[in-house]
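**Q** this one's structure only:
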């Protein structure tokens, strides 16, 4: 055998690994996987990339952070706080900010990436919701995404609390009040979490373990499962020529998609780094170390927890006393509503599947206008979230806009019930109006701005016919019929009695697919009849 015929070291290593791990077969089956090309799919990538940034910067910060509540006297670089007694957690965070090279920038990148991560997850989930990408077979993957979102909220709160500054300590005090409001076991939960009376000496070390190990470990597992299911189920795509429920039109994972994804990762990293360099976030030196006898005047949670605090702030301070015990409804009711409102999104795919009785696999996305009820429900949920967020910052709205704090509070109390209903009605009518416009465009073509005078003197605008691919996009959606109750009498003359669940399901199905929930899309016969002999106007 000549030298040219001898395999090189790289090939021998590749052959050795492939013979034991099957890497070549696995890569050949997956690296050419097709992904559709649409800007909205980048929202999920932003979630992934910001999570990677959080992990990278978090590892750096753990090298210098001391998760201890032991008291020390500060003697660092920040002169205004010298000689002040504080916890080691706060002192080490000050050292990271002022004495560790690049520490402040890494802290800010970590915090900004966390905010962008949660915001991107919320927007990504809303994109999946409004387009119907959660339908069979992706219901489980939707639940995985929701759990990632919820764990991101929770982990963000724990990380926000670690510096032990006056602002984060106020948030921990809020958590203690929530735990104490739980009937029967609230005191035990509070003592278990804090290791004694508030604030105790164990809360920061415990939060550190949860923030760095427990929740991120669970999230990494969920993220891996989420991505595996994305590969297994294949990607959703928008309706268009050549696109069916059984194929995917787009670019291969290697090399096109991976090249774009790599560039996009550095773009996301660069934008977050730029934000962190020019916009200060969580300046703990401005608040000082936490003291139980003080509360910072601008104590505001991060935006994603403002929803929960808003519910508590606007709730009347109701209490019920019985048998020597006090039930604090002013905290218990809103904190119970918080997971219920979030959980409504988690179970929605199963609810819609039950209401519509649609058991088919769905790989083509809906245009939001073609699912008016679903779109209206999503918009109403977002409006509820935003109204509660206003309640969470009612003092800032009052001071900055020179409004009455009580007026804002009463507005939020009413708005939590009224605004979602109004948004639902407006959004649904908006979607129906867009459906009517699509119908007119299909039947009459698009407006050209050219005015023509007919022989009898009438002026009309000339319409240009739409190309076939555009006609297909506007008419590709399905319009299922609502579920009907079975006949009151069966074939043997025996009376049937529909149960409460069946009647409820039928009413909801009519709400989704009945006359008031859609505009009939034009048929091919209507299109031929209108466009024949009218010159395209």
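**A** The structure has been received and is ready for your questions. Just so it is clear, the structure is predicted and the values come from calculations on it, not from any experiment.

**Q** Assign a three-state SS to residue 403, would you?
**A** Using DSSP: H, G, I helix; E, B strand; the rest coil, the structure places residue 403 in coil.

**Q** Tell me who's in contact with it.
**A** residue 397 (CB atoms under 8 Å, 6 or more residues apart in numbering). Yep, even glycine has a C-beta here, placed from its N, CA and C like the rest.

**Q** same thing but 10 Å
**A** 394, 397, 411 (CB atoms under 10 Å, 6 or more residues apart in numbering).

**Q** cool, residue 33 as well?
**A** Under the criterion of CB under 10 Å, 6+ apart, the neighbours of residue 33 are 230-231, 234-235, 248, 250-254, 257.

**Q** Give me the buried entries from those residues.
**A** With burial judged by 16 or more other CB atoms under 10 Å, the buried subset of these is 230, 234-235, 250-251, 253, 257.

**Q** Can you pick out the most distant pair from the residues you listed?
**A** Pairwise distances across those (CB to CB) peak at 15.5 Å, for the pair 230 and 251.

**Q** And the contacts of residue 33, which is closest to residue 182?
**A** residue 230 (37.5 Å).

**Q** Go ahead and report the secondary structure state at that closest one.
**A** Looking at residue 230 with three-state DSSP, the answer is helix.

**Q** and the strand or helix carrying residue 156, how far out from the chain's middle?
**A** Element membership for residue 156, per DSSP states H and E: helix 139-161. The chain centroid and the centroid of helix 139-161 are separated by 9 Å under CA atoms, centre = their mean, to the nearest Å.

**Q** Show me what the next helix or strand after that helix packs onto, helices and strands only.
**A** Sequence order places helix 166-180 as the next helix or strand after helix 139-161, per DSSP H and E. Helix 166-180 makes packing contacts with helix 88-98, helix 139-161, helix 186-194, helix 203-209, helix 303-314, strand 325-328, helix 329-346 when contacts are defined by 3 or more CB pairs under 10 Å, 6 or more residues apart in numbering; DSSP states H and E.

**Q** Inside strands: which ones of the contacts of residue 33?
**A** Among those, DSSP state E puts 251-252 in strands.

**Q** Redo the helices and strands packed on helix 166-180 as JSON lines? Include distance to residue 223 and mean pLDDT.
**A** Below are the helices and strands packed on helix 166-180 laid out as JSON lines (distance: least, CB to CB, whole Å; pLDDT from 0 to 100):
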{"stretch": "helix 88-98", "distance to residue 223": "27", "mean pLDDT": "94"}
{"stretch": "helix 139-161", "distance to residue 223": "7", "mean pLDDT": "93"}
{"stretch": "helix 186-194", "distance to residue 223": "27", "mean pLDDT": "86"}
{"stretch": "helix 203-209", "distance to residue 223": "20", "mean pLDDT": "92"}
{"stretch": "helix 303-314", "distance to residue 223": "18", "mean pLDDT": "84"}
{"stretch": "strand 325-328", "distance to residue 223": "37", "mean pLDDT": "80"}
{"stretch": "helix 329-346", "distance to residue 223": "17", "mean pLDDT": "87"}
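
**Q** Now stretch 65-74: average pLDDT?
**A** For stretch 65-74, mean pLDDT is 92.

**Q** Identify all contacting residues around it.
**A** 58, 80-96, 103, 107, 162-164, 199-209, 211-212, 289-290.

**Q** Span of that stretch from start to end?
**A** Counting by CA to CA, to the nearest Å, you get 15 Å between the two ends of stretch 65-74.

**Q** distance of residue 237 from residue 134?
**A** Using CB to CB, to the nearest Å, residue 237 is found at 15 Å from residue 134.

**Q** Name the nearest of the contacts of residue 33 relative to residue 445.
**A** Looking across these and measuring by CB to CB, the closest to residue 445 is residue 250, at 29.8 Å.

**Q** Could you identify the longest strand within this protein?
**A** Longest strand of the chain, by residue count under DSSP E: strand 446-453.

**Q** Check the gap between the residue nearest in space to the middle of the chain and residue 116 for me.
**A** Nearest residue to the geometric centre of the chain (CA atoms, centre = their mean): residue 122, 1.6 Å. Distance, residue 122 to residue 116, by CB to CB: 11 Å.

**Q** Identify the contacts common to the two.
**A** residue 47.

**Q** Quickly find the element holding the closest residue in space to residue 149 that isn't next to it in sequence.
**A** Closest residue in space to residue 149, ignoring its immediate chain neighbours: residue 121 at 4.6 Å, by CB to CB, 6 or more residues apart in numbering. In this assignment (DSSP H and E), residue 121 forms part of helix 103-131.

**Q** now that helix against helix 303-314, angle please.
**A** Angle, helix 103-131 to helix 303-314, by axes from the mean of the first three to the mean of the last three CA atoms, to 10 degrees: 80 degrees.

**Q** State the mean pLDDT of helix 103-131.
**A** 94.

**Q** now do stretch 371-383
**A** 94.

**Q** and it, how far from the chain's centre?
**A** 14 Å.

**Q** ok, residue 467 to residue 426 distance?
**A** From residue 467 to residue 426 the distance is 33 Å (CB to CB).

**Q** More neighbours: those two, which one.
**A** Just comparing residue 467 and residue 426: by other CB atoms under 10 Å the higher neighbour count belongs to residue 426, 14 against 10.

**Q** Do I have it right that the more buried one meets residue 372?
**A** No - contact status for residue 426 versus residue 372: not in contact, 11.2 Å apart, counting by CB atoms under 10 Å.

**Q** overlap in contacts of the two?
**A** Joint contacts of residue 426 and residue 372 (CB under 10 Å, 6+ apart) do not exist.

**Q** got the contact list for residue 56?
**A** By CB under 10 Å, 6+ apart, residue 56 lies in contact with 106, 109-110, 113, 269.

**Q** Of these, just the buried ones, PyMOL syntax please.
**A** Of these, the buried ones can be selected in PyMOL as follows, counting by 16+ other CB under 10 Å:
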select buried, resi 106+109+110+113+269
